[in-house]
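Q: Just a sequence and a predicted model for now, questions to come.
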Amino acid sequence: MSFHSGFIGFLGPPNSGKSTLFNRILGRKLAIVSPRPQTTRNRIMGVLNGEDYQMVLVDTPGVHRAKNPLHRSMVDSALASCREVDALVLVAEVIGFPVEEMGSILGVFRELTKPAMLVLNKIDLIEPIDLLPLIEKAMDLYPFESIVPLSARTGDGIEGLLEELSKRLAEGPRFFPDGIISDQPESFIVAETIREKIYFVVGEELPYCAAVTVEGIERDGKGDLIKIRGVIHVEREGQKAIFIGKGGKTIKTIGTMARKELERMMDTRIFLDLSVRVEKNWTRDARALRRLGY
Ligand SMILES: Nc1nc2c(ncn2[C@@H]2O[C@H](COP(=O)(O)OP(=O)(O)OP(=O)(O)O)[C@@H](O)[C@H]2O)c(=O)[nH]1
Ligand SMILES: [Mg+2]
């Protein structure tokens, strides 16, 4: 029996549902998701193993007009991913179908001449009859090998996408050993879980001024408690005060939400020690960006 494998990249404008789709196919939450754009900041690989295949899915930051060095690093990592993968999936949402925003991605697709598919995501939000004009518009845009309407949220249409994706695998090795589900270390997934909660707790531009690092994950001898030290890095003192909140209320809410999810994920009790630190203007400073993982 021959073994098939390949890398498949999910690209698209911010907020189109790339990470939701990525998690849905993998059957577990590896990438964080929020209702706000520019949630994902790094390229993340997730491994789907079958008896005779291995599919490596690559989630990427949304491609947008970058306003600062942080956003430029996000867009660069997304577009660079196009070059690393064997097949490309453009994930667009059916509401507002952002043709213009997709232009720069399709420009890169054109250069690369790799198999490219289009996912029309969030079909749960429209009537089936409204799909046809979108499909026609998409066909004018680019010679996609296939166009798959689906809902990453409900799972409707996912089977069809999996079938299309498996056609893109070529005879090849198992790139990741059994049991490895991502190229990212545990500390990254923990930091991202904390960062995700920020999008739900603080408003306006604040999530975009924050980075999270994990400075320690310690397991006690019996293995029934994990101590995690997390740091939220912000750009200015004023932001620090808002993240802490009156009497520490805001950081406490972020910490509690993150702890609960981490306890479910790691299936153990967790003590999360969360603090806020000012890393002056880090979104604009190349050295600070690297230090914080971007
Ligand atoms: N109704 C509906 N909402 C969806 C669907 N897929 C994703 N969403 C929602 O769309 C929002 C954005 O989802 P994400 O998965 O974070 O989108 P993304 O493309 O990864 O976004 P960035 O990382 O910012 O580029 C979240 O609120 C999701 O719950 C879907 O099929 N239907
Ligand atoms: Mg994302």
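A: Nice, thanks for sending it over. Ligands and ions are numbered 1, 2, ... in the order given.

Q: Looks like Met225 contacts Glu263 (just checking).
A: Just so we're on the same page, residue 225 is Leu rather than Met. No - contact criterion C-beta atoms under 8 Å: Leu225 and Glu263 do not qualify, at 10.3 Å. All C-beta spots, glycine's among them, are computed from the backbone N, C-alpha and C.

Q: what touches both of those two?
A: Counting by C-beta atoms under 8 Å, 6 or more residues apart in numbering, the contacts common to Leu225 and Glu263 are 269-270.

Q: what pairs with the nearest residue to Pro115 once chain neighbours are set aside across the strands?
A: Computed as C-beta to C-beta, 6 or more residues apart in numbering, the closest residue to Pro115 that is not its neighbour in sequence is Ala87, at 4.6 Å. In this entry, Ala87 is beta-bridged to Ile8, by DSSP bridges.

Q: how near is Ala87 to ligand 1?
A: 18 Å (C-beta to the nearest ligand atom, to the nearest Å).

Q: Please renumber the chain so that the first residue is 21 from this point on.
A: Done: numbering now begins at 21, and the last item shifts to Ala107.

Q: so that residue touches Leu31, yeah?
A: No - Ala107 is beyond contact range of Leu31, at 11.1 Å (criterion: C-beta under 8 Å).

Q: So between those two, which is more surrounded?
A: Neighbours around Ala107 and Leu31, counted as other C-beta atoms under 10 Å, are more numerous at Leu31. The numbers are 28 against 20.

Q: Double-check that one against Leu110; I have them as touching.
A: Yes - Leu31 is within contact range of Leu110, at 5.7 Å (criterion: C-beta under 8 Å).

Q: Low-confidence regions, the stretch 21-170 of the chain specifically.
A: Counting by pLDDT under 70, the stretch 21-170 of the chain contains no low-confidence range.

Q: mind listing the strands for it?
A: 24-31, 64-69, 73-79, 107-113, 136-141, 166-169 (DSSP state E, counting those that start in this stretch).

Q: closest one to ligand 2 among those strands?
A: Ranking the strands of the stretch 21-170 of the chain by their distance to ligand 2 (criterion: C-beta to the ion) puts strand 73-79 first, at 6.1 Å.

Q: list the helices and strands that closest one packs on?
A: Contacts defined by 3 or more C-beta pairs under 8 Å, 6 or more residues apart in numbering; DSSP states H and E place strand 73-79 against strand 24-31, helix 38-46, strand 64-69, helix 178-187.

Q: Just put the ones you listed in TSV and tack on distance to Glu165.
A: Below are the helices and strands packed on strand 73-79 laid out as TSV (distance: least, C-beta to C-beta, whole Å):
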stretch	distance to Glu165
strand 24-31	12
helix 38-46	18
strand 64-69	20
helix 178-187	8
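
Q: Can you tell me which residues in the chain are near ligand 2?
A: Contact residues, the chain versus ligand 2 (C-beta under 5 Å from the ion): 38-39, 59-60.

Q: Great, nothing more from me.
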